[in-house]
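Novice: sequence first, then the predicted structure, then my questions.
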Amino acid sequence: MSQATFGDDELFGEAASEMRDDVESSLEAAWDALPAAEDVWESDAENVLGVLNGLNSALDAGDAEDHLRDAKKWFTMGQRADAFDDAEDLEEEIAELEETITTVAEASEQVGELTATIPELRGTLQDVGEDGDGEDDD
């Protein structure tokens, strides 16, 4: 059957199906780009700073944001074209993914702040400990 025999409705249906596949594929790639649970839970570091540095590296959303953007782009186009018969599942997954990426980014920011604070705190505590060693305040 040549393309000339396809009707507009059939072509639109095929395009809608491909668009949904693109959204689903981008969502899957975004989930895959997020850090693995064990990467943010387990550590081989010998000290707190090593743990924080490892965690900060693990809390990288990678290409997840780019894949989410692609999913949202194709989803928006499909919605505006009224191409999806049922898009609630896609909309829910996009929202869930967006929330997860935001949580990862916020956690990374918090760990980054701790990574900067802990060495300074350690230094301060060491200085206080040195000042107080062997001295009587009486």
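Specialist: Sure thing, it's come through.
Novice: average pLDDT across the strand or helix carrying E92?
Specialist: Following DSSP states H and E, one finds E92 within helix 88-132. Regarding helix 88-132, the rounded mean pLDDT is 93.
Novice: likewise stretch 39-59?
Specialist: Mean pLDDT, stretch 39-59: 93.
Novice: return the alpha-carbon coordinates of it using PDB.
Specialist: Coordinates of the C-alpha atoms in stretch 39-59 are reproduced here as PDB (Å, rounded to 0.1, in the frame of the first residue of the first chain):
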ATOM      1  CA  ASP A  39      24.400   5.400  44.800                       C
ATOM      2  CA  VAL A  40      22.800   7.900  47.200                       C
ATOM      3  CA  TRP A  41      22.600   5.500  50.100                       C
ATOM      4  CA  GLU A  42      25.900   3.600  50.200                       C
ATOM      5  CA  SER A  43      29.400   5.000  50.600                       C
ATOM      6  CA  ASP A  44      32.900   3.700  50.700                       C
ATOM      7  CA  ALA A  45      34.300   7.000  52.200                       C
ATOM      8  CA  GLU A  46      36.500   7.000  55.300                       C
ATOM      9  CA  ASN A  47      35.200  10.300  56.600                       C
ATOM     10  CA  VAL A  48      32.200  12.600  56.600                       C
ATOM     11  CA  LEU A  49      33.600  14.900  53.900                       C
ATOM     12  CA  GLY A  50      34.300  11.900  51.700                       C
ATOM     13  CA  VAL A  51      30.700  10.800  52.200                       C
ATOM     14  CA  LEU A  52      29.400  14.200  51.400                       C
ATOM     15  CA  ASN A  53      31.500  14.600  48.300                       C
ATOM     16  CA  GLY A  54      30.400  11.100  47.100                       C
ATOM     17  CA  LEU A  55      26.800  11.900  47.800                       C
ATOM     18  CA  ASN A  56      27.100  15.200  46.000                       C
ATOM     19  CA  SER A  57      28.500  13.500  42.900                       C
ATOM     20  CA  ALA A  58      25.800  10.800  43.100                       C
ATOM     21  CA  LEU A  59      23.000  13.500  43.300                       C
END
